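> the following comprises the amino acid sequence and a computationally predicted model.
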Amino acid sequence: MERKAEYCLTQIFHYLVNSLAAIVFFCCIAYSGYALWDNWSILKEPDQVREDLIRYKPANEEELSYSFQELKAMNPDVCGWLTLDHTKIDYPVVQGTDNFEYLEKDVLGNPSVAGSIFLDAKSDRNFHDFYTVIMGHHMQGRKMFGDIDLYTDASFFEKNTTGTLYVEGRILKLETVAILKADAYDKYVYRTDWKEKEEKEELIRHIYELAVHTRGQRLTVEDQMIALSTCSSGNTNGRHLLICKVIKENTVEGSEKE
């Protein structure tokens, strides 16, 4: 009788252990499925927003004024549209009250892990500064500013040299002139208030000190630069900055001035 009772207890114990193992197994499967879905959603999110807004991208000078009026009607913080040729970087640019506002908010103001491509809060939203900084998350799948990494490859850097920045009333043609590896707390490349000639020359020297690759004639204090910044993989404070020079500017008649 005792042996039978012991046998029953053993069977119950095995049943409970197996049931618990099955529950743990299915929980792991469910969590893994959720994690995959969540990761897919995060990667898909920037594409969905971009697809919703791409029809507002100015295709030419005639469309510039109308396109910006529509974009700004949806969000007055929109101040430009940035395109780098032969990459997936093709997004509206916004400017918040500080550099945290659009880290986790899309162009339409909705919560978003991917955030937005945004202009440094201290920069001139009309893009007249000597040195302007635009920032964006480094996302997997070549989303947001993920493609800036491509420019660290010498061959890609040499072959892909152009971009366009559409701003209110103007179209700025860009040439990529340097790719930098920097620190998030670098006191030069994240500063935007460069006024004196000597200070500007100091910034230019620092750019060449940090450069992985450079192109063309050396930058001068007469050039207008736009730096595109994103995180670099493998280093918490590491940053990649693609330095672009404005090589041509077209003014569009009939656009509203800010």
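That came in fine, so what should we check first?
> buried residues, stretch 136-146. List them.
Within stretch 136-146, the residues scored as buried using 16 or more other CB atoms under 10 Å are 136-139, 142-146. (Each C-beta comes from the backbone N, C-alpha and C, glycine too.)
> between these, which is closest to Thr161?
Phe145 (17.8 Å; CB to CB).
> contacting residues for that closest one?
By CB atoms under 8 Å, 6 or more residues apart in numbering, the contact set of Phe145 is 89, 117, 135-139, 228-230.
> got CSV for the buried residues of stretch 136-146, with distance to Lys195, pLDDT and secondary structure too?
Shown next, in CSV, are these (distance: CB to CB, whole Å; pLDDT from 0 to 100; DSSP: H, G, I helix; E, B strand; the rest coil):
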residue, distance to Lys195, pLDDT, secondary structure
Gly136, 27, 97, coil
His137, 31, 95, coil
His138, 31, 93, strand
Met139, 35, 90, strand
Arg142, 37, 86, helix
Lys143, 36, 89, strand
Met144, 31, 93, strand
Phe145, 28, 96, coil
Gly146, 34, 95, helix
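> which residues touch Met135?
Shown in contact with Met135 (CB under 8 Å, 6+ apart): 99, 117-120, 145, 228-230.
> go again using 10 Å as the cut-off
Going by CB atoms under 10 Å, 6 or more residues apart in numbering, Met135 touches 93, 99, 102-103, 115-120, 144-145, 190, 227-231, 239, 241.
> dig out what it forms beta bridges with.
Applying DSSP bridges to Met135 yields these beta-bridge partners: Phe118, Ser229.
> do you know how far it is from Phe156?
Computed as CB to CB, to the nearest Å, the Met135 to Phe156 distance reads 21 Å.
> for Thr55, report the pLDDT, please.
That one is not Thr; residue 55 is Arg. On the pLDDT scale, Arg55 is placed at 81.
> shouldn't it be within a helix?
Yes. Counting by DSSP: H, G, I helix; E, B strand; the rest coil, one finds Arg55 located in a helix.
> what about the nearest residue to Asn160 once chain neighbours are set aside, which SS state?
Closest residue to Asn160 in three dimensions, ignoring its sequence neighbours and counting by CB to CB, 6 or more residues apart in numbering: His86, at 4.8 Å. Under three-state DSSP, His86 falls in the coil class.
> for His86, give me its contacts.
Contacts for His86 (CB under 10 Å, 6+ apart) come out as 147, 150, 156, 159-163.
> rebuild those residues as JSON lines, extending it with distance to Glu70.
Output for the contacts of His86, formatted as JSON lines (distance: CB to CB, whole Å):
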{"residue": "Asp147", "distance to Glu70": "26"}
{"residue": "Leu150", "distance to Glu70": "31"}
{"residue": "Phe156", "distance to Glu70": "34"}
{"residue": "Lys159", "distance to Glu70": "34"}
{"residue": "Asn160", "distance to Glu70": "30"}
{"residue": "Thr161", "distance to Glu70": "31"}
{"residue": "Thr162", "distance to Glu70": "26"}
{"residue": "Gly163", "distance to Glu70": "22"}
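> now these as a markdown table including neighbour count and distance to Tyr56?
As requested, those are exported to a markdown table (neighbours: other CB atoms under 10 Å; distance: CB to CB, whole Å):
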| residue | neighbour count | distance to Tyr56 |
| --- | --- | --- |
| Asp147 | 22 | 21 |
| Leu150 | 19 | 26 |
| Phe156 | 16 | 29 |
| Lys159 | 9 | 30 |
| Asn160 | 17 | 25 |
| Thr161 | 18 | 27 |
| Thr162 | 14 | 22 |
| Gly163 | 22 | 19 |
